[in-house]
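1. sequence plus the predicted model coming up.
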Amino acid sequence: MQNLKSIPVFEFTVVPSWCSDAARIVEELLSQSAPCHYDCLLDLRHALLGTVNWEQTLDLFLVCRQNLELHHYLPLYRLRSLLTNRLTFEVSGEIDQSKKMSLRKLLRLNYRSVSALRSAFDRESFEHQLNFTSCNKPAFRIVEV
């Protein structure tokens with residue numbers, strides 16, 4: 001009789017269909033892009049298929065968009081549409097209990113990264129004299145709808 005502990009167990013995660021569609025768009029971009037962009041596109045594809053860290057995924061998308069949008073606008077537009085329909089930007093803190101902002105509007109502002117977006121928020125807070133302490137500063141996160 002075989003020892004049951006020695007039999008490997010495989011765990012499968014279910015990838016949402018929109019992530020698979022987004023990964024196919026990235027694969028399409030891979031076939032049309034210069035080799036210097038492969039690393040970023042492969043990282044984005046991996047993030048779409050295997051992670052729940054949407055902030056990292058969005059950062060990778062923004063890097064790819066910055067590098068490729070001039071020559072590959074349509075596939076990146078389709079990818080942006082998928083992301084903005086399925087992800088939202090959530091701000092929570094003492095100001096509002098929790099407020100979700102449209103990711104579509106934020107992506108139109110052409111921030112280069114999520115940290116640049118946070119910096120813009122900090123700058124606006126400072127300019128409008130909204131004094132946040134470390135305990136009541138709003139928290140940002142990107143969540144799946």
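-> All right, it came through fine.
2. all strands for this structure, in order.
-> Secondary structure of the chain (DSSP state E): strands located at 87-92, 98-101, 139-144.
3. tell me which of those sits most buried.
-> strand 87-92 (a mean of 18; mean count of other CB atoms under 10 Å). C-beta here means a position set from N, CA and C on the backbone, and glycine is covered the same way.
4. residues in contact with that strand?
-> 54, 58, 98-103, 106, 117, 138-145 (CB atoms under 8 Å, 6 or more residues apart in numbering).
5. between it and strand 139-144, how many degrees?
-> 150 degrees (axes from the mean of the first three to the mean of the last three CA atoms, to 10 degrees).
6. average pLDDT across strand 87-92?
-> Taken as a whole, strand 87-92 has a mean pLDDT of 80.
7. in this protein, which ranges drop under the pLDDT threshold?
-> The model of the chain has pLDDT under 70 over residues 1-13, 93-99, 101, 125, 128-137.
8. give me the most central residue, it.
-> Leu58 (2.1 Å; CA atoms, centre = their mean).
9. now do the contacts for it.
-> Leu58 touches Leu83, Leu87, Leu103, Val114, Ile142, counting by CB under 8 Å, 6+ apart.
10. okay, now Asp43: neighbour count?
-> The local packing of Asp43 (other CB atoms under 10 Å) involves 17 other residues.
11. which ones are touching it?
-> Leu60.
12. what separates it from Pro138, distance-wise?
-> From Asp43 across to Pro138, the span is 29 Å (CB to CB, to the nearest Å).
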